[in-house]
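**Student:** Next comes the sequence, and after it the predicted model I'd like to discuss.
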Amino acid sequence: MMETSRDPRGPLDLASLLDWSKVFGRPAPLEVEIGSGQGGFALGHSAAHPEVNLVAFEVRRKFARETAEKGEARGLTNLRCFAADAKVVLPRIFAPRSVDVFHIQFPDPWWKKKHHGRRLVEDEFSILLYNLLRLDGLLEVRTDVEGRGVEMAAALEAVGFVNRFGAGQLAPYDPSEVPSTRERGYLARGEPIYRYKFGRTAAPPHRAQAPLPETTVGPEQRRR
């Protein structure tokens with residue numbers, strides 16, 4: 001099922017937050033994918049883990065619609081797709097500490113310097129994710145750009161996320177995890193993927209004590 005987001009300009013308070021057990025028709029661990037692309041991960045993960053409810057966000061309406069249609073055709077009742085900007089929608093439809101797992105798959109690096117402000121994982125969004133994640137929850141990030149992975153890990157750790165494998169460290173490859181559409185190609189070609197896994201503590205998030213350094217990630221790191 002594909003949903004459209006509420007008007008981001010409209011008023012919305014805590015009473016308007018969605019009850020996801022009612023949306024899915026059952027209580028279950030709640031997982032969120034941000035940037036579901038062509039739906040490879042959302043469809044595969046929902047099928048492999050019928051015990052979870054997965055909400056997938058994708059700004060490209062065509063991709064969101066196609067993923068929803070494929071999910072319905074496959075009888076995946078535990079998947080909901082939103083054609084929406086997660087940065088706008090997340091704080092409006094999820095309560096604090098309500099998400100069990102966040103999945104961020106290959107976010108756009110926004111190569112041009114003038115577009116760097118559009119990057120997904122920065123200070124403010126990191127704080128939002130921290131606030132929405134359950135205390136025993138997981139934030140997993142995958143990227144094909146090594147330098148961007150380093151920067152995202154630094155931004156997340158700066159607000160209080162705890163890297164499960166040590167500060168700045170990559171998570172090992174787990175073959176039981178479902179690959180995204182893009183990741184399947186990299187795995188087939190034997191190309192590296194940079195994975196990170198984070199948890200949170202009971203402490204509130206905090207802003208970085210010093211500004212994060214300017215990015216050094218440019219088009220030269222783009223995969224050929």
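**Tutor:** Ah, there it is.
**Student:** now the helices for the protein?
**Tutor:** Remark: helices assigned in the chain by DSSP state H are 20-24, 40-48, 61-73, 86-93, 123-132, 146-159, 181-189.
**Student:** Can I get those in JSON lines including mean pLDDT, distance to residue 195 and mean neighbour count?
**Tutor:** (Each C-beta comes from the backbone N, C-alpha and C, glycine too.) JSON lines is the format used below for the helices of the chain (pLDDT from 0 to 100; distance: least, C-beta to C-beta, whole Å; neighbours: other C-beta atoms under 10 Å):
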{"stretch": "helix 20-24", "mean pLDDT": "91", "distance to residue 195": "26", "mean neighbour count": "15"}
{"stretch": "helix 40-48", "mean pLDDT": "97", "distance to residue 195": "13", "mean neighbour count": "22"}
{"stretch": "helix 61-73", "mean pLDDT": "95", "distance to residue 195": "22", "mean neighbour count": "17"}
{"stretch": "helix 86-93", "mean pLDDT": "90", "distance to residue 195": "20", "mean neighbour count": "18"}
{"stretch": "helix 123-132", "mean pLDDT": "91", "distance to residue 195": "17", "mean neighbour count": "20"}
{"stretch": "helix 146-159", "mean pLDDT": "89", "distance to residue 195": "8", "mean neighbour count": "20"}
{"stretch": "helix 181-189", "mean pLDDT": "89", "distance to residue 195": "10", "mean neighbour count": "15"}
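**Student:** I'd like to know which of those lies nearest to residue 198.
**Tutor:** Residue 198 sits nearest to helix 146-159 of all these, at 5.6 Å, using C-beta to C-beta.
**Student:** looking at it, residue 164 is touching residue 197, isn't it?
**Tutor:** Yes - with the criterion set as C-beta atoms under 8 Å, residue 164 and residue 197 qualify as a contacting pair; they are 4.6 Å apart.
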